[in-house]
Every structure is written in structure tokens, then in C-alpha cells.
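Student: 3D model of this:
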Amino acid sequence: MPKKSKNERKRTSSGEKEMSFIKVNFMEVKDMREFLIGLMLMVVVAFVAGGTQATVEGAGESEVASETELVLTPEEFEQMRQVYFDRCAGCHGVLRKGATGPNLTPAKMVPKGKRKLTDMLWYGTAKGMPGWGQMGVMTKEETALMVKYIQNEPPIPPQWDMKSVRDSWKLIIPPDKRPTAPEHDRDIDNMFSVILRDAGKIAIIDGDTKEVISTVDSGFAVHITRMSASGRYVYSIGRDGKATMIDLFMKKPATVAEIRCSLDARSIDTSKFKGYEDKYAVVGGYWPPQFVILDGMTLEPIKIVSTLGYTYDTEEFHPEPRVASIVSSHIAPEWVLNIKETGLVWLVNYEDPNNPTITMIEAERFLHDGGWDSTKRYFLVAANARNKISIIDTKERKLVANVDTGGTKPHPGRGANWVDPEFGPVWATGHIGDDVISIIGTDPEGHPEHAFKMVAKVQALSSGNLFIKTHPKSKWVWVDHPVSKKEVNRTTLGIFDKANIKGGIFKTLKVADYGKAVHMEYNKAGDEIWVSIWGNLGDADKGKAGEIVVIDDATMTIKTRIPNLLTPTGKFNVYNTVRDIY
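Tutor: Sure thing, here's the model as predicted:
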């Protein structure tokens, strides 16, 4: 689509309200809770003084809602702020301006009315939002409070500058006090780091014996873990912005350093280019929108860089351009950062971390997750609100294509690579919003007629897919459906034959009778695929908080289970993660 002229852009935005900010020195606020209570008291006074009423549309009939009916107590407001942070902010933004999910500011929410908002939260939407009530994640009481919460103005979060970052840094075991060689005879390459999401912990599991070697505290609701280039260290990032570093050389792996780089985050990675192994790490923030470069051996902060800027298409200022995902280049001393709201891919060179050079590539909005093609030259990332995959040539440093996936809200994780008998090397993604698996050619030299085009589209078991996985040694492509609207599909995997992908689902495998089957990962040998069963912490006494199901890849049958884990989600094999095998 052609860009608008500057005058057109001015006319487009002239009618919009400018964002107002409350000027508060947040560094002097010792307790965020006290600030929120004070803020809500001001809101209550404003509501009482106003006394106005608005007519809003409900589900099929008019509703008359008094503004005072939307008031939450300070305790209710804080409760919903935390629920929103945990379940909603990732898709809708801390400021609720929208990204993967739509804008949830009061100007958009109040006209919808109580009934429509309640149905949206309880049953989900056709575009992929889960039905939090129907899935048992939110109670009726919590749903009613959230309906009120999203009709109130969002709280203004504080900033988190270098002083705050540095004050949070803890070097627990300095490098010279750590083991000089492994204190065990386990195969580190076949260890798995397993996120125990709702418990705030990381489990380190021996991929050979299936033994839980160690369980380590982490940040809140960890999103991913990544490995150092050597494979020795595991780096985790919590949704609260806390990064931790675990040493796998230790007899019982433990945290050797930690730091809080932001107040909300999703991404972390390390330096992998030859000569920079284990030297640096980088954390991408959701709030504040920024990234922080760290010393790879200690997590000492080196540089903080804001990502505030302008959208690539309309060139309008955006107050919350979040760092969605990060990958580490194998062909240059660079990280690839995906700036969600502005639609820009940043190539950040870390040769001089105090003065990083940044190449900005216009891609598409709103960027989310993605991964490498099989050559590690091309990076493919989902612009899932626009239903496209942006393909970046990191060697030529340019956008190759924005490919329409033919589905709703692509969510590849890191995607899946294999060689198709007709199309050659391909990469694939599933979708949250519908049952489409989209397959894109990635070989411009051997198969130029198929390169960077959608070459096939096949049907998954259902919508609600989050991850797709395969391995060079496997015959199969595995797909999960953890946020499917049908309960039976949430614990069922779909399996496709690489040799006949157009033939559709080759087999389905139900792996549990509770929770959600989510995120697959292969072992080092590529002959086992592990899937998490994400249960509820409250069901731990029933043995249903979670487990990992280990499947024989060749026969597609369950080999064993690793039981009694507390809400496992993502899991990452050291060997595969270091080498970006997926």
C-alpha cells in the first residue's frame, strides 16, 4: 500500500486526542500500590463530582451505565491490574493501545457495553482471543471486574532507567568462583530448561534420564529461555522484566546472576557470532519500550536504548513500541530485534556495545515472534495483526517480502523448517485465529519460482495453535492447539507427513485428559519430541498441575511422562537452541 503524504498524515491524526501524562517522580514513590490507591481516590472524586450517565450499546439492546458503576475499589483495581498484566498486556499493550489484539482504551470499550464485553472475555472472539471464562482461567467475579477495569483509564506505568536497572543487578557467583569444568558426567547438550510458568521457576531436566536435576527461582511467568553460544549458561526472561542466568556446569545448576531490565518483557538472547561467544546478552522490554545490553558472563548492564519512535507506514509517534522477539545472528555480530508497534526490524550491531549501530528495516505491523530459515540467513517474523510474515535478508540487510499467510493471526513461535519434495526448503507457521498452516518457500537459489511465496496452505485440527515443530531427522511436523475453543483439541496434537504435506493431517495424538498441551521440543538426537501439559497450580495435590509427555518421534507413541511439574510451558533443549534447529 503506498504511503500517505505528510499533509494527509496530518489530516488523519488532527482529530485524535493527544495523550496526556501525569508528571510524577516515580523514583520517589516507594510503593506502587500507594500510588494506585491515590490515583483511584482521585478517580472516585471525579466520578462523584461528574454524576453523568452515558447510553451504551449492549448485546442486542441498550444499556444505561452510570460512570459511578465503573468504579473499582483500590483493592479490586490492583487485582485487575495484575490480571491484565498477566493475561492481556502481551496482546493489547500496557497502555491498551492494541497490537496483536485490538485497542482496549475506554473510548473503544465503553460504547460496547457490559454484556458485549462480558461475552468477549468469557467466550473469546472469532479472531483468536481465548475465552478466558470458558477455559476456566477467569471466574465470573473476575470477568465482571475486568469488564469494569477496561472501561477505566489505564494506570500510567513508571519508567525504568539505568539507575533502576543497575540497582537491581545481583552477581551471586562471580565467574572466577564458578566451576572450571562440569561437576557431573551428564550430557549438557541434551539438558532441557523447562519453564514452570505460574510457579515462577525454571526446571533443569536431564534429557537422557528424564531426571529433574534442579529447580531454580526465576522471574514472574517466564516467557522464554535462551542459551549461551557455548551451551553452558541458560538465560531466562520473566514477564516482570527479571532476567536470570543459570550455570549448567554446577552439580546442581543454580542462578549465578540476575537483573531486572524493565517492568515487562518477553525476549532475551546472547551473542553467537564467532569471537563473541558468551560475551554479551540483550533483553528486550515491553515496558518501558527499550532494550538493555548486558555482560554475558555477569549480566552487568552496559547500555540502555529506547525504542520509542514512529510507525513505519503512517509515521505517527507511538508511545509503546515494544521489543517483541530477538534472535542472534550467526553471520554477523548482530541481534535482530522486532519492534512490534512501529513495524520495524532493527539489526543491532554489538561490536561496540556502548555505541551500538542500528539498521532499521521497514517490515510490517505488528511484529511478534519468528525464526530463521534453515540457512540462518533469512529471518521470518509474524506481523500477526496484519496476517503477514515479514522476511528479512540479514546479509543484504533488507526486507525481501511481506507474505500474506491466508490465515488469521499467524503465531509461528520460531516456525518449522524442512525440505519439501516439490517446493524444496520451506518454513511454516500456524495461526491463533483459524485452522490454517501456511508454508513458505525459502530457497531463492535452488527453487527461485517458490522462494518467499506461500506455496501451500493446509488445514490444522482447529484454531488456537501457538507452536509448530519439526527436526531435520524427523519425518513429521507437529502442531499444538492449546487455545482452541474446543476442549478436546487443547490436549491433542496434529501430525503432518513432510513427504505429503498437502495430504493434510496424517495422525492426531491425544496426550492428556487435563490442561493444555503446549510447545514441542526435540531432544538432541532428534528421536524424541517433548510436549508440556500446562495445568493449574491449584490442582497440584491431584497431580494435575502439569507434566511433560515424551513421545517417540518415529512411532508417534508416548514413551514416558515426567510427572508432577508445576505448570510447565516452554522447554528448550541446549543443543537445538544454541544451533537454532527447528
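Student: Could you find the closest non-adjacent residue to residue 159?
Tutor: Residue nearest to residue 159 in three dimensions, not counting chain neighbours: residue 288, with 5.3 Å by C-beta to C-beta, 6 or more residues apart in numbering. Just so you know, the C-beta spots here come from the backbone N, C-alpha and C atoms, and that holds for glycine as well.
Student: ok, how many other residues are close to that neighbour?
Tutor: Number of residues near residue 288 (other C-beta atoms under 10 Å) recorded here: 23.
Student: Show me the shaky parts of the stretch 451-582 of the chain.
Tutor: Residue ranges of the stretch 451-582 of the chain with pLDDT under 70: none are present.
Student: In it, mark out all the strands, start to finish.
Tutor: If DSSP state E, counting those that start in this stretch is used as the criterion, the strands of the stretch 451-582 of the chain fall at 454-459, 468-469, 476-479, 492-497, 505-510, 516-522, 528-534, 546-552, 557-562, 568-573.
Student: So which of the ones you listed is nearest residue 313?
Tutor: Across the strands of the stretch 451-582 of the chain, residue 313 has its closest neighbour in strand 454-459 (21.9 Å, C-beta to C-beta).
Student: ranges for the helices of the stretch 351-500 of the chain?
Tutor: 487-490 (DSSP state H, counting those that start in this stretch).
Student: Residue 279 is in contact with residue 293, isn't it?
Tutor: No - in this structure, residue 279 is not within contact of residue 293 by C-beta atoms under 8 Å, at 10.5 Å.
Student: So which of the two has more stuff around it?
Tutor: Using other C-beta under 10 Å, the more surrounded residue of residue 279 and residue 293 is residue 293, with 22 against 18.
Student: Just the buried residues of stretch 136-150, please?
Tutor: Residues of stretch 136-150 classed as buried by neighbour count (16 or more other C-beta atoms under 10 Å): 137, 138, 142, 143, 144, 145, 146, 147, 148, 149, 150.
Student: Which of the residues you listed fall in helices?
Tutor: The members of the buried residues of stretch 136-150 that map onto helices under DSSP state H are 142, 143, 144, 145, 146, 147, 148, 149.
Student: list the contacts for the second one?
Tutor: Shown in contact with residue 143 (C-beta atoms under 8 Å, 6 or more residues apart in numbering): 118, 121, 122, 132, 133.
Student: List phi and psi for the residue nearest to residue 131 when sequence neighbours are not counted.
Tutor: Of all residues not flanking residue 131 in the chain, residue 124 sits nearest, at 3.5 Å (C-beta to C-beta, 6+ apart). Main-chain dihedrals, residue 124, degrees, to the nearest 10: phi 80, psi -170.
Student: Next one: residue 124 relative to residue 433, how far apart?
Tutor: 10 Å (C-beta to C-beta, to the nearest Å).
Student: tell me the pLDDT at residue 131?
Tutor: With respect to pLDDT, residue 131 scores 88.
Student: contacting residues around it?
Tutor: 121, 122, 123, 124, 485.
Student: Kindly recompute the last result at 6 Å.
Tutor: Shown in contact with residue 131 (C-beta atoms under 6 Å, 6 or more residues apart in numbering): 122, 123, 124.
Student: Give the closest residue to residue 96 in space, chain neighbours not counted.
Tutor: The shortest distance from residue 96 to any non-neighbouring residue, by C-beta to C-beta, 6+ apart, is to residue 104 (4.1 Å).
Student: ok, back up a step: just send the strands of the stretch 451-582 of the chain back as TSV, with mean neighbour count and distance to residue 254 too.
Tutor: Below are the strands of the stretch 451-582 of the chain laid out as TSV (neighbours: other C-beta atoms under 10 Å; distance: least, C-beta to C-beta, whole Å):
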stretch	mean neighbour count	distance to residue 254
strand 454-459	17	44
strand 468-469	26	29
strand 476-479	24	32
strand 492-497	22	34
strand 505-510	15	36
strand 516-522	23	23
strand 528-534	26	23
strand 546-552	21	21
strand 557-562	14	20
strand 568-573	24	18
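Student: To residue 429, which of those lies closest?
Tutor: For these, the distance to residue 429 is smallest for strand 468-469, at 6.5 Å, taking C-beta to C-beta.
Student: phi, psi of residue 115?
Tutor: Taking degrees, to the nearest 10 as the convention, residue 115 sits at phi -70, psi -40.
Student: Let me know whether residue 237 touches residue 265 as I believe.
Tutor: Yes - the criterion here is C-beta atoms under 6 Å, and residue 237 meets it with residue 265 at 5.3 Å.
Student: Scan the contacts of residue 131 and report the most crowded one.
Tutor: Neighbour-wise, those (other C-beta under 10 Å) top out at residue 124, 20 neighbours.
Student: From residue 484, how far out is that one?
Tutor: 10 Å.
Student: can you check residue 325 too?
Tutor: Taking C-beta to C-beta, one finds residue 325 at 23 Å from residue 484.
Student: Brilliant, that's me finished.
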